[in-house]
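# okay, predicted coordinates and the sequence, questions at the end:
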Amino acid sequence: MEKTKTAFLLKIGESLEDRGMFVSASENEVNVLTSGYSFLLKIFHERGLVMQKPVGDDKTQSVLSEDKMLFQRSQHSSMINGLHGRYQVYGPVVRLAKRWISAHLFSSFISEEAVELVVAHIFLKPFPFHAPSSRVAGFLRFLRLLSSFDWIFSPMVIDINNDFNLMDEKEINDNFMLSRKSYERNPHDIEPAMFLATSYDKTSEAWTKQSPSKSVLKRVAAYAKSSAELLTNLMLHGPSGEYTWECLFRTPMSNYDAVILLHQEKLCCPHHVLFPAENPDGKLVVWGKPSKDFCPYMPLNKGAVKGLHDAREKLLVNFDPTTYFLRDLKTFKLWYGSVGGDAVGLTWENPKKRGREEADEAAPEPTSILKEVGDVGKGLVRGVYLVKAPKFQ
């Protein structure tokens, strides 16, 4: 089936090229550049809904097939579009919620789709209030919901089209109880910690199966509670001293073991940076200059490209240097913001989780590890700071 898809994609690419479009085809997708826009074409097949792919050499673990992910994304998009039509402020509230998640460096743990579903819940089940009629009210309810919802013992059910009957509710509840069977043996071993049930995903495997963990979700709830209290005071009494609305979208860098600062002008969307990150209190380990090899915008007036075709050849579609940089960092738990984030928080992995062989080895020097981080991100990294030394055992 995969070979048939590949052949079909290549044929689509050839056909579009014959019609004068600029196309880049691969085994899995076709990129089409036309009229200043980039479109990504993939093929969906219903047989793929029941197929799963093994993770590496481990045949007991698997991930969703490409078709299953495409199906879930299409269903999610359709549902969210319908919600936009019913509630005008839904979109603005989602944007504020995503900005808050990103500002506090939770983007690596909570997907955008999960944020959209949590915000949808406050519109679909607003009791004892009415649905929010302003973006600020909706944002405040989002923060309060994050901080007060009983994530451990309750599933969050998002029934956008009012489709669920008693059988559906029973199925969701059974799936939720199954995910909590291990709680008595190990309260920290809960997956998913944030259980979001929808008509297309009654097991919460689409957006939150692997992340956030219980500990991360607890941290998110604590931040949300603090932000909700600050926003309430701002609405009732106005700004006071250092407590202004900007504080809602600034996160304390002292809560991380190390901090990476990135060159703003080298981010894929530098104009999305709301507040440039300040130098944290800590030891400067690495300082780097910006690279000249990458620019978020193509300088057409400096002779870098010779024409439209040359520009298309050099254009990097959907390239985010931060994402690729973070994929190479395996030693840490990473905290970053996907919307205008120019800082990355690092926390050392819990030494209790290290294997016996690793525990017998000499603990690595933290500054040497961070210097390697700077080498990996050379040209993108502005500075690497050691805030707290790791407590290796």
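Cool, got the structure.
# only C-alpha atoms from now on, for both contacts and neighbour counts.
OK.
# just the strands in this structure please.
For the chain, applying DSSP state E gives strands covering 22-25, 30-34, 37-41, 52-55, 58-64, 156-157, 196-197, 258-262, 283-287, 332-336, 343-348, 381-386.
# so residue 90 sits right up against residue 83, yeah?
Yes. Contact status for residue 90 versus residue 83: in contact at 7.4 Å, counting by CA atoms under 8 Å.
# neighbour count for these two, which is higher?
Using other CA atoms under 10 Å, the more surrounded residue of residue 90 and residue 83 is residue 90, with 25 against 18.
# how close does the nearest residue to that one once chain neighbours are set aside sit to residue 139?
Excluding the flanking residues, the one nearest residue 90 by CA to CA, 6 or more residues apart in numbering is residue 84, at 6.1 Å. Shown here: residue 84 relative to residue 139, a distance of 16 Å by CA to CA, to the nearest Å.
# over to residue 226?
Using CA to CA, we find residue 226 at a distance of 13 Å from residue 139.
# these two: which is more packed in?
Per other CA under 10 Å, whichever of residue 226 and residue 139 has more neighbours is residue 139, with 24 against 14.
# that one is in contact with residue 90, isn't it?
No. Between residue 139 and residue 90 there is no contact under CA under 8 Å: 9.8 Å.
# now residue 49, nearest residue through space, not along the chain?
Once flanking residues are discounted, residue 49 sits nearest to residue 68: 4.7 Å by CA to CA, 6+ apart.
# what about that neighbour, neighbour count?
Number of residues near residue 68 (other CA under 10 Å) recorded here: 21.
# do the same with residue 184
Applying other CA under 10 Å, we find 9 residues neighbouring residue 184.
# just the pLDDT at it, thanks.
You'll see residue 184 listed with a pLDDT of 75.
# how about the helices of this structure, start to end?
2-18, 66-86, 90-103, 112-124, 135-148, 166-179, 214-237, 308-314, 321-327, 356-360, 366-376 (DSSP state H).
# next, the buried residues of the first one.
By neighbour count on 16 or more other CA atoms under 10 Å, the buried set for helix 2-18 is 5, 6, 9, 10, 12, 13.
# with the fifth one instead?
Along helix 135-148, the positions that meet the burial threshold by neighbour count (16+ other CA under 10 Å) are 135-147.
# now pLDDT and distance to residue 370 too, for the residues you listed, in JSON lines please.
Conversion of the buried residues of helix 135-148 to JSON lines gives the following (pLDDT from 0 to 100; distance: CA to CA, whole Å):
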{"residue": "135", "pLDDT": "96", "distance to residue 370": "41"}
{"residue": "136", "pLDDT": "96", "distance to residue 370": "40"}
{"residue": "137", "pLDDT": "96", "distance to residue 370": "42"}
{"residue": "138", "pLDDT": "97", "distance to residue 370": "40"}
{"residue": "139", "pLDDT": "98", "distance to residue 370": "37"}
{"residue": "140", "pLDDT": "98", "distance to residue 370": "38"}
{"residue": "141", "pLDDT": "98", "distance to residue 370": "39"}
{"residue": "142", "pLDDT": "98", "distance to residue 370": "36"}
{"residue": "143", "pLDDT": "98", "distance to residue 370": "34"}
{"residue": "144", "pLDDT": "98", "distance to residue 370": "37"}
{"residue": "145", "pLDDT": "98", "distance to residue 370": "37"}
{"residue": "146", "pLDDT": "97", "distance to residue 370": "33"}
{"residue": "147", "pLDDT": "97", "distance to residue 370": "33"}
